[in-house]
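Trainee: With the input below, show me the fold.
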Amino acid sequence: MDFTYDYSKTPQAKYDKTHTTYIGLRIEGHRDADIIAALKGKAEQTEVKRLVRLALNKLNNKYTDAKAEVI
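Mentor: Modelled structure (predicted):
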């Protein structure tokens with residue numbers, strides 16, 4: 001018997017195709033050693049998303065503060 005597994009037909013694959021977006025990130029060991037060290041021992045995906053959201057909130061607040069000063 002030959003059992004072949006086709007991931008593209010699984011419920012998880014269908015969910016991923018509909019609800020998720022893949023973003024890849026390549027980090028160089030010698031240039032980005034500080035980033036690698038900061039992520040070491042943490043869930044990388046979760047930490048990257050947390051830091052991006054933190055930066056977005058900071059940018060949004062800066063924009064909101066600047067807009068308030070103009071009024």
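Trainee: what residue is smack in the middle of the protein?
Mentor: Against the mean C-alpha coordinate of the chain, by C-alpha atoms, centre = their mean, the closest residue is K49 at 4.4 Å.
Trainee: Now name the helix or strand holding it.
Mentor: Assigned by DSSP states H and E, K49 belongs to helix 44-70.
Trainee: Run through the residues that contact the residue nearest to the centre of the chain.
Mentor: If you count contacts by C-beta atoms under 8 Å, 6 or more residues apart in numbering, K49 has none. (Each C-beta comes from the backbone N, C-alpha and C, glycine too.)
Trainee: G29 too?
Mentor: By C-beta under 8 Å, 6+ apart, the residues touching G29 are I36.
Trainee: Okay, and it sits in which element?
Mentor: Here G29, judged by DSSP H and E, is contained in no helix and no strand.
Trainee: Would you mind giving me the confidence score for it?
Mentor: With respect to pLDDT, G29 scores 94.
Trainee: Give me the distance between A37 and T10.
Mentor: 36 Å (C-beta to C-beta, to the nearest Å).
Trainee: cool, A55 as well?
Mentor: For A55, the distance to T10 equals 35 Å [C-beta to C-beta].
Trainee: before we move on, what about A33?
Mentor: Between A33 and T10 the computed distance is 38 Å (C-beta to C-beta).
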